[in-house]
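1. Got a predicted structure plus its sequence, pasted below:
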Amino acid sequence: MSNLKWAVQRVTGRSPACGHLSAVRDVQPTSEGCEQCLAAGDSWVHLRSCMTCGQVGCCDSSKNRHARRHADTVGHPIARSAEPGEDWAWCFIDQTLVGTGAQ
């Protein structure tokens, strides 16, 4: 399923609605690790993939928080978990869960 179709179909009612679904594009992750951490020879905890451009960054539990920095810097609001078996996304602007595995 494309990222765009996924985001539109899986918005949940458990949190306030996200007003940024229009930023979601049909993109693929651009790497298999946090791009900035890989370039710096650093490590991460979990990975997130931007749903606007596909950039892969580390999560807020990682010391560098590259996924959040990407959202803040370039204005791409929604990142999807890039962890195996996880099927959810987070809107950094609305601070809300955008989707889950429930259809």
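-> In hand now; what should we look at?
2. just the strands in this protein please.
-> Applying DSSP state E to the chain gives strands spanning 47-50, 56-58, 78-81, 89-91, 96-99.
3. Pipe those into TSV and attach mean neighbour count, mean pLDDT and distance to Ala17 per row.
-> (C-beta placed from N, C-alpha, C; glycine too.) What follows is the strands of the chain, written out as TSV (neighbours: other CB atoms under 10 Å; pLDDT from 0 to 100; distance: least, CB to CB, whole Å):
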stretch	mean neighbour count	mean pLDDT	distance to Ala17
strand 47-50	27	97	20
strand 56-58	26	98	24
strand 78-81	24	95	13
strand 89-91	25	93	10
strand 96-99	22	81	8
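4. Kindly present those as CSV, with separate columns for distance to His66.
-> Shown next, in CSV, are the strands of the chain (distance: least, CB to CB, whole Å):
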stretch, distance to His66
strand 47-50, 8
strand 56-58, 3
strand 78-81, 10
strand 89-91, 14
strand 96-99, 19
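5. so which of these comes closest to Val24?
-> Closest of those to Val24 is strand 78-81, at 6.0 Å (criterion: CB to CB).
6. Tell me the strands beside the closest one, with direction?
-> The pairing partners recorded for strand 78-81 under DSSP bridges are strand 47-50 (antiparallel), strand 89-91 (antiparallel).
7. do you know which of these lies nearest Cys18?
-> Per CB to CB, nearest to Cys18 of the strands paired with strand 78-81: strand 89-91, 4.3 Å.
8. contacts for that closest one?
-> Strand 89-91 is contacted from outside by 7, 18, 20, 48, 51, 77-81, 96-99, using CB atoms under 8 Å, 6 or more residues apart in numbering.
9. what's across from the residue nearest the centre of the chain in the sheet?
-> The centroid of the chain falls nearest to Ala79 when counting by CA atoms, centre = their mean (1.3 Å). Taking DSSP bridges as the rule, Ala79 bridges to Cys50, Trp90.
10. What's the separation between it and Gly41?
-> 23 Å (CB to CB, to the nearest Å).
11. Could you do Glu83 as well?
-> For Glu83, the distance to Gly41 equals 22 Å [CB to CB].
12. So for those two, which sits in the more crowded spot?
-> Using other CB atoms under 10 Å, the more surrounded residue of Glu83 and Gly41 is Glu83, with 14 against 6.
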